[in-house]
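Asker: next input, structure requested:
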Amino acid sequence: MKRDDDQELWDLLGRAAEPRISPFFARNILREIRKPGDWTTLRGWLNLRRLIPTTGMIAALIAVAFLRMHTPVAPLANPPSDVLASVDAQDYEVIDDLDDLLASDDNSLDDSVLL
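Answerer: Have a look, this model is predicted:
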């Protein structure tokens, strides 16, 4: 295109502002370069300070779940008969006396006992 073809266009282009570089251009470029990427963030989560305790906790939870599922707990079919056989006739006499004491109407407490 020759300059004589469209004089108005060339005048408009001549009045356009020249592009200027910001004084902080180098700083902004370096900031974009140093910005952590997705891989850096993922690598931060996979460091040994976090990975070892997390792995240990997960292994412990799996072990507890495994042991709870495979440990049979069976209820006792019959209670031991030794406990029932050890009650003496003398114990029945004490229980009768206790029933008589509780059945009586004169079981009120004095105020002096409470203080």
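Asker: all strands for the protein, in order.
Answerer: Defined through DSSP state E, the strands belonging to the chain form an empty list.
Asker: lowest-pLDDT helix or strand in it?
Answerer: One helix or strand of the chain scores below all others by mean pLDDT, DSSP states H and E: helix 111-114, with a mean of 52.
Asker: let me know how buried Trp10 is, in neighbour terms.
Answerer: Neighbours of Trp10 under the rule other C-beta atoms under 10 Å: 14. Backbone N, C-alpha and C define where each C-beta goes, glycine included.
Asker: roughly how far does it sit from Pro19?
Answerer: Counting by C-beta to C-beta, to the nearest Å, the separation of Trp10 from Pro19 is 19 Å.
Asker: repeat for Pro36
Answerer: From Pro36 over to Pro19 the distance is 31 Å, taken as C-beta to C-beta.
Asker: show me which of the two is the more surrounded one.
Answerer: When Pro36 is set against Pro19 and neighbours are counted by other C-beta under 10 Å, the residue ahead is Pro36, at 9 against 5.
Asker: pLDDT of stretch 5-21, averaged?
Answerer: Per-region confidence: stretch 5-21 scores 79 on mean pLDDT.
Asker: flag every buried residue along it.
Answerer: Within stretch 5-21, no residue qualifies as buried by neighbour count (16 or more other C-beta atoms under 10 Å).
Asker: so how far does it reach from one end to the other?
Answerer: One end of stretch 5-21 to the other measures 32 Å (C-alpha to C-alpha, to the nearest Å).
Asker: same question for stretch 18-31.
Answerer: 26 Å.
Asker: contacts for it?
Answerer: The contact list for stretch 18-31, computed with C-beta atoms under 8 Å, 6 or more residues apart in numbering, is empty.
Asker: pLDDT at Ile52, what is it?
Answerer: Per-residue confidence for Ile52 comes out at a pLDDT of 90.
Asker: I meant to write Pro75 there.
Answerer: Predicted confidence (pLDDT) for Pro75: 70.
Asker: now do the one 4 residues further on
Answerer: If you check Pro79, the pLDDT there is 59.
Asker: what do you get for Phe66?
Answerer: The predicted structure lists Phe66 with a pLDDT of 89.
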